[in-house]
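[1] Below is the sequence, then the predicted model.
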Amino acid sequence: MQRLLQLPASAVNMVKTAQGQEEAKSPVLTPDGSQATWYSAVRPDELRHLRAGGEVEDAGASAEEGANTGGQAQPLRHDDLKEMLDSNKDSLKLEAMKRIVAMMARGKNASDLFPAVVKNVACKNIEVKKLVYVYLVRYAEEQQDLALLSISTFQRGLKDPNQLIRASALRVLSSIRVTIIIPIMMLAIKDAASDMSPYVRKTAAHAIPKLYSLDPEQKEPLIEVIEKLLADKTTLVAGSVVMAFEGVCPERIDLIHKNYRKLCNLLIDVEEWGQVVIINMLTRYARTQFLNPNANEVLLEEGEEKEFYGSDEEEGKEEKVEKKKPYVMDPDHRLLLRNTKPLLQSRNAAVVMAVAQLYFHLAPKAEVGVTAKALVRLLRSHSEVQFVVLQNVATMSIKRKGMFETYLKSFYIRSTDPTQIKVLKLEVLTNLATETSISIILREFQTYIKSMDKDFVAATIQAIGRCATNIGEVRDTCLNGLVQLLSNRDELVVAESVVVIKKLLQMQPEQHSDIIKHMAKLIENIQVPMARASILWLIGEYCEHVPKIAPDVLRKMAKSFTSEEDIVKLQILNLAAKLYLTNSKQTKLLTQYVLNLAKYDQNYDIRDRARFIRQLIVPTDKGGALSKYAKKLFLALKPAPILESPFKDRDHFQLGSLSHLLNVKAGGYQELPDWPETAPDPSVRNVEVMDKRKEKKKVEKPFYSDSEDESRLTESADSDSNTGSGSESSSATEESDSGSKSEDSGGESESEQQEKPNRKNGLELLKLFWHSRVLFVCILPCSAQTISPTFSSLKTYELLHRLTGEGLAVGYCFGRQPFVRDPHMVTVQIQFTNHMDTEARNLRVREPRLQSGMRIKEFPEIEVLPPGETVTTVMGIDFCDSTQAANFQLCTHTRKFCVSIQPPVGELMAPVFMLENEFKKEQGQLMGMNEIKETLVLGEACQSDYAIVQRVTAAANVGQVPCGSDQEFAGKTMTSNSLVLVTVITKRDRTAQLTVNCEKMVIGTMLVKDILHALSQ
């Protein structure tokens, strides 16, 4: 330092100049994510190149002045920047924009440059345009009128080939808070939601809450955009769209159903702040869709408290407890817990805290402990992070005390910790205190009392009192230790000890009369009002234990009554009243003296208390009806105070939220829903997967010809071939093909005679086909066999995802063939695929949980499934003509998975061969309430008879009535054999009338909805 002082002034200026240049060239990030540097101020010899229009000014003098004042170059003035922005050279514009953005980064106001900047929004240079949009996003809301003048340029920017320009244009457009451009913003958001770039779609999601706050009436159109973006499979968009969902329509959980599993699987790859938003949203979603995993423990605890002799109602409750004991976690619930667990290793404290609160609110008690290690790791972070984490740990340690017991030493207090951190660690240590660890904790507390931080010492004394209250074995030890503190030189320590001792003595006053006498002697030395008031309350409450000391204390207090604090005066009045009632001979005059002093006190509370006590304890001739109850009022037994943690009732707020931190409901906070009593339908989260390759193949080579007769004769056969089982052999396929060929030839011979009802040849062939179809089906064995080509041709559903099944993927489809062992059962084909590196063994069904009337026939056990192999087997389920799910466990040699199969209503029936006359006759008997009619507009893909037949037979397992005048289909339910008749009458204006006749009105109503949906697409 001395050598530096000896240097000449010019050398010191050179050092300062070099430092200034290094600071000016500090690295920053540009909007496109690349690295750039802030440019230093212009040198005097370069200033002439920065003037527009050839004007040159001599800036050497100003530069020399700057060097003399500190050696740092002066930044350009706003006028110079405006000239650079008006220049024709892109390099000057780029230089000016970099300087303006640097000013914004330093917090300087650059709003007066808005007119000069906004003119360059149409610049062709992409780098300049990026920086212009960065500036406009910051100041567009302040300069709305000028921003509106360039609205057309922003709209052109939405079509720019560069994704960053499109996103920036949308960001600026959504920053202009003017209601007149709401339609333009809405169109821009809709277009951006369909953009090819995920970055632009992410920006669209960010713009949705802005538009909603500007105009809440746009909620419904915005929900449609949110629903579209929720289906996006890119991780860049997921977090942003969930944030928009939370800001616009958090109550619409139906939008999450189909995307729940996708969000769970994408969670690990989403950006950190997106992970926090998604986890918090999924926490509330899971609380509405899954059962409480800890409900059985609560019921069992209630059952243990039941007395030996109970009433019938209690016995009924006990039966309910026993019935509810078996709990099987929903696979989707387990999926959420499994996919969030790896995020406990995240470097972001907010992500770890979000996962911890999810486990605390959703996981079984035995699994919550996995979050403890991650939370303890966060205690090595900054003090702000520690404060938030300890707030949540304090709440968790009350309900889940065991999860932090092994990390007790991590909560020991360091001398460098701030006071608020020390107090929170004390709270956690007090909550974790047990009979085994209390000795260690009390030894720590003895050290903390010697601290110089008085607030921390007071909190420690309170913690000792709570430990004594919660653990009775150490109550005497804590009380003796607190009594020793009464001789401390620090008045605040003594005062706090008195307050805590007063609370502890209320539990066993008879055994500690010596402590009361000792505290009475301290009344002259302690000056803290709260401590003096506590001692007076103790002496008055237990005056019978110290009959000689109490009157003398009252005498001393009467002398200093006028100089005491209000809280002490009130306790002096109470002491006088209690002594007057118990020892009136010695204290009558003292009491009257104190009441007279209080009568003229400045505080009206004390005056009122004095009048009240005088009328109550001193009877008069006029009244005094309450005087006989004075002893009961003043000397009644008081319950011992319960020293509870201030975090006891905070768990009704969601952990990690601002409301939990403040213990007050903050604005925008969403309540954590209660667990449902019954599990909602899990099938709402199933996503149907269609085999597009098979559909394309069908379109390229249709089964039917275009002639009307041919379609009428063969549509029934096509219905069977489309919905036929995967177990049909190649011979059956060849025979059905030959049958269809003969039907084709028969149809072609009669194509010119469409009105003739006699088509015996075609009908005989159809009958033959129906009987042969049943024959081929009945020959099939029931054992497991590989039938993957036919399986892929049917509509498949996911039974067990390979992530949930730990490498085992299971799908299923409805074979639409009679089940060999029971004709009333629906045939379900189950396909197992082993994605693991090891064999899967002993695949079987166990513990079916079915509704009343439902039955299940398990598939034969699959002993071994090699890695990479696929096998398909068949099982039968009697759904009892209902769409309720069949729940069962799918077991391997090591694991059990809870799965469910829920059938569409169209799979609960089988096709029936019926002539048109029979169809009309049966339809006539199912009129009135058994008939449902709907009018619909046919979709563009349903303009031909072939397409209508294909859609109807795909939606329901019914057969077409041959030779009918309209599109007529017949079937019967599997369990009750109730007829289901479907009629589709097409009209010229692309409309059609759909009629469904069925004895079971529920099935008829659901079938109408499915067919309407199929024909409208």
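    Looks like it came in fine.
[2] Next one: residue 804 relative to residue 235, how far apart?
    20 Å (C-beta to C-beta, to the nearest Å). In this view, the C-beta of every residue, glycine as well, is placed from N, C-alpha and C.
[3] quick one: which of those two has more around it?
    residue 804 (22 against 16; other C-beta atoms under 10 Å).
[4] Tell me who's in contact with the more buried one.
    Residue 804 sits next to 331, 334-335, 338, 897 when contact means C-beta atoms under 8 Å, 6 or more residues apart in numbering.
[5] Need the max-distance pair from these.
    By the measure C-beta to C-beta, 338 and 897 form the most distant pair in the contacts of residue 804, at 12.4 Å.
[6] Now stretch 638-655: buried residues?
    With burial defined by 16 or more other C-beta atoms under 10 Å, the residues of stretch 638-655 counted as buried are 643, 645, 647, 650-651, 653-655.
[7] want to throw those residues into CSV with distance to residue 633, pLDDT and secondary structure?
    Conversion of the buried residues of stretch 638-655 to CSV gives the following (distance: C-beta to C-beta, whole Å; pLDDT from 0 to 100; DSSP: H, G, I helix; E, B strand; the rest coil):
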residue, distance to residue 633, pLDDT, secondary structure
643, 26, 72, coil
645, 32, 78, coil
647, 35, 81, coil
650, 36, 80, helix
651, 38, 78, helix
653, 39, 88, coil
654, 45, 87, coil
655, 44, 90, coil
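[8] From these, pick the one nearest residue 666.
    Distance to residue 666, by C-beta to C-beta, is smallest for residue 653 among the buried residues of stretch 638-655, at 9.3 Å.
[9] Touching, the closest one and residue 664? I think so.
    No: applying C-beta atoms under 8 Å, one finds residue 653 not in contact with residue 664, separated by 9.0 Å.
[10] Show me which of the contacts of residue 804 are buried.
    Taking 16+ other C-beta under 10 Å as the criterion, what is buried in these is 331, 334-335, 897.
[11] Kindly indicate which of the buried residues of stretch 638-655 lies nearest residue 602.
    Closest to residue 602, out of all of these and judged by C-beta to C-beta, is residue 643, at 34.6 Å.
[12] now that closest one: how far from residue 491?
    For residue 643, the distance to residue 491 - C-beta to C-beta - is 23 Å.
[13] do residue 679 as well
    Relative to residue 491, and taking C-beta to C-beta, residue 679 is found at 61 Å.
[14] Likewise for residue 426?
    Residue 426 sits 21 Å away from residue 491, going by C-beta to C-beta.
[15] for the stretch 201-350 of the chain, what are the low-confidence residue spans?
    By pLDDT under 70, the low-scoring segments of the stretch 201-350 of the chain are 297-326.
[16] centroid residue for this protein?
    In the chain, the residue lying closest to the centroid (C-alpha atoms, centre = their mean) is residue 281, at 1.9 Å.
[17] my guess is it contacts residue 247, does it?
    No: Residue 281 lies out of contact with residue 247 (C-beta under 8 Å); the separation is 11.0 Å.
[18] Helix, strand or coil: sort out residue 993 for me.
    Using DSSP: H, G, I helix; E, B strand; the rest coil, the structure places residue 993 in strand.
[19] In contact with it, which residues are there?
    Neighbouring residues of residue 993 by C-beta under 8 Å, 6+ apart: 933-936, 983-985, 987.
[20] Mark which of those are part of helices, please.
    Among those, no residue falls in helices (DSSP state H).
[21] Of those residues, grab the buried ones for PyMOL.
    Selection of buried members from the contacts of residue 993 for PyMOL, criterion 16+ other C-beta under 10 Å:
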select buried, resi 936+983+984
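[22] what would the contacts of residue 993 look like in a markdown table with distance to residue 1001 and pLDDT?
    Shown next, in a markdown table, are the contacts of residue 993 (distance: C-beta to C-beta, whole Å; pLDDT from 0 to 100):
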| residue | distance to residue 1001 | pLDDT |
| --- | --- | --- |
| 933 | 13 | 88 |
| 934 | 14 | 88 |
| 935 | 19 | 87 |
| 936 | 20 | 87 |
| 983 | 17 | 92 |
| 984 | 20 | 90 |
| 985 | 21 | 88 |
| 987 | 26 | 83 |
